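Asker: give me a 3D structure for the following:
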Amino acid sequence: MDNKTFTTRLAKRLNREPSEVGTLIEGICTLFKEVGNDLDSVAIPGFGTFKSLKKDEEIVVDEATGKRTLLPPSITMEFQPSIVLRKKLVK
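Answerer: Predicted coordinates:
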C-alpha cells in the first residue's frame, strides 16, 4: 500500500478530508523523528513500542575493489508489537 492509498483509506474511516489526514500523518512522522533523535521510545498502549537504536559508524570494504568506505552513524526505529496486537493478528 502506498502513502496516497493509506491516507485515503484512513480519511474514509475517520470521516475526514484526505488533506487533513495527511497533515496529521506528517505531524506524527515529525514527532517520531524528534523522539528518535533523542534516542527515546514511543509506547502506544494496545499497539506496541517504537524503540530508537543508534548504530555506530563503521568501515565497510568493497570485496570487488578493496575500497574502504566510512559509513556515518545512524539512528533507526525498531517496532515491537504489544501482546494485544499479536493476539489480534493471530486470530
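
Asker: show me the helices in this structure, by range?
Answerer: 3-14, 18-37, 83-90 (DSSP state H).

Asker: ok, which of the ones you listed comes nearest Glu57?
Answerer: Of all the helices of the chain, helix 18-37 sits nearest to Glu57, with 16.6 Å by C-beta to C-beta. (Each C-beta comes from the backbone N, C-alpha and C, glycine too.)

Asker: could you give me the average pLDDT of the closest one?
Answerer: Average pLDDT, helix 18-37: 93.

Asker: of all the residues in it, which ones are buried?
Answerer: Within helix 18-37, the residues scored as buried using 16 or more other C-beta atoms under 10 Å are Val21, Gly22, Gly36.

Asker: what's the angle from it to helix 3-14?
Answerer: Angle of helix 18-37 versus helix 3-14, following axes from the mean of the first three to the mean of the last three C-alpha atoms, to 10 degrees, is 110 degrees.

Asker: now do the residue positioned nearest the centre of the chain against Val35, distance only.
Answerer: For the chain, the residue nearest the mean C-alpha position is Met77 (5.8 Å; C-alpha atoms, centre = their mean). Relative to Val35, Met77 is positioned 9 Å away (C-beta to C-beta, to the nearest Å).

Asker: which residues do these two both contact?
Answerer: Phe50, Ser52 (C-beta atoms under 8 Å, 6 or more residues apart in numbering).

Asker: redo the helices of the chain as CSV? Include distance to Lys51.
Answerer: Listed next are these as CSV, based on distance: least, C-beta to C-beta, whole Å:
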stretch, distance to Lys51
helix 3-14, 23
helix 18-37, 9
helix 83-90, 15
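
Asker: and those: which comes nearest Ser52?
Answerer: The nearest among the helices of the chain, by C-beta to C-beta, is helix 18-37 at 4.6 Å.
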